[in-house]
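**Student:** generate a structure from the sequence data that follows.
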Amino acid sequence: MLADPLTADFCNNGDTFNGWIGPDVHFLFSTIKNGSDCCWVLTHRDEHDIDESWSFPGKLEDVYPVIEGWDPMVKRIVEKTPSIVDWKLVYRDPLPTWVSKEGRIALLGDAAHPFLPTSAQGATQALEDGVTLAVCLKRGGKGNIPNAVRSYQEIRYDRVTKVQKTGETTRDMWHKADWEKVKKDPKTIELPREDWIMKFDAEKHAEDVFDEVIKKFA
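**Tutor:** You can find the predicted model right below:
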């Protein structure tokens, strides 16, 4: 990347984020660690099935037909990539429950609610889960762990389900964009950053509602 004058700026300017969007395809490219590392994601339609595994080794030659006719910069980035992962995005409906029958085991993060990358919220929601679970266990005390665990799910479930949907809506907004409208107003395909997601205080919320929620399991 640094040896090519046309791509060096991505690395010389610290952390950067750039995206290219087209019908049924989007390509996102980031430089991180002050420009010392690079990564990209190409999301596209695919009709192939997959075994129950999150990833397989990918082939660069499979990438080039997908970006044929795109901005040449995309190919310049891709052709410098030493290896790739073929990562199938398989959608999962929300689980009916994250908590075992006896309230002794709880799932959190993607194990409970897998997110599409277009939500840009998978890691954040896992952190919110952890904070909420910690508050519930602390407030419930050692003598009431099962109900504290059930309260964690009760507090988190509706919010997480709504945030999960943003991955779908953003993907559809990009992949099914009306490009004539986009030319007039490019902001119509900006990555959403709603306050109800970004400014939420999971710890405060859990503290505020815990006493009422745990009554449901008394």
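**Student:** run the chain-centre distance for the biggest helix by length in the chain.
**Tutor:** When the chain is parsed with DSSP state H, its longest helix is helix 145-175. Computed by Cα atoms, centre = their mean, to the nearest Å, the chain-centroid distance of helix 145-175 equals 12 Å.
**Student:** need the residues that contact the helix or strand just after that helix.
**Tutor:** Counting by DSSP states H and E, the next helix or strand C-terminal to helix 145-175 is helix 179-184. By Cβ atoms under 8 Å, 6 or more residues apart in numbering, the list of residues contacting helix 179-184 from outside reads 188-189. For the C-beta atoms, the positions are set from N, CA and C on the backbone; glycine is no exception.
**Student:** for helix 179-184, what is the average pLDDT?
**Tutor:** What helix 179-184 shows for mean pLDDT is 84.
**Student:** going forward, begin numbering at 28 instead of 1
**Tutor:** Fine by me, first position is 28 from now on; the one you just mentioned is helix 206-211.
**Student:** which SSE is immediately downstream of that helix?
**Tutor:** helix 222-225.
**Student:** got the buried residues for that following helix?
**Tutor:** Residues I224 are the ones in helix 222-225 that count as buried (16 or more other Cβ atoms under 10 Å).
**Student:** before we move on, what about stretch 188-199?
**Tutor:** Of the residues in stretch 188-199, those buried (16+ other Cβ under 10 Å) are 190-191, 193-194, 197-198.
**Student:** ok, so of these, who is nearest N39?
**Tutor:** T197 (29.7 Å; Cβ to Cβ).
**Student:** with adjacent residues omitted, what lies nearest to that closest one?
**Tutor:** Leaving aside its sequence neighbours, T197 sits nearest to T145 (Cβ to Cβ, 6 or more residues apart in numbering; 4.2 Å).
**Student:** for A147, same thing?
**Tutor:** Closest residue to A147 apart from its sequence neighbours, by Cβ to Cβ, 6+ apart: L218 at 6.7 Å.
**Student:** what's the separation between that neighbour and E230?
**Tutor:** 26 Å (Cβ to Cβ, to the nearest Å).
**Student:** go on, M100?
**Tutor:** According to Cβ to Cβ, M100 and E230 sit 42 Å apart.
**Student:** which of these two has more residues huddled nearby?
**Tutor:** Taking neighbours as other Cβ atoms under 10 Å, M100 and E230 compare with M100 leading, 15 against 12.
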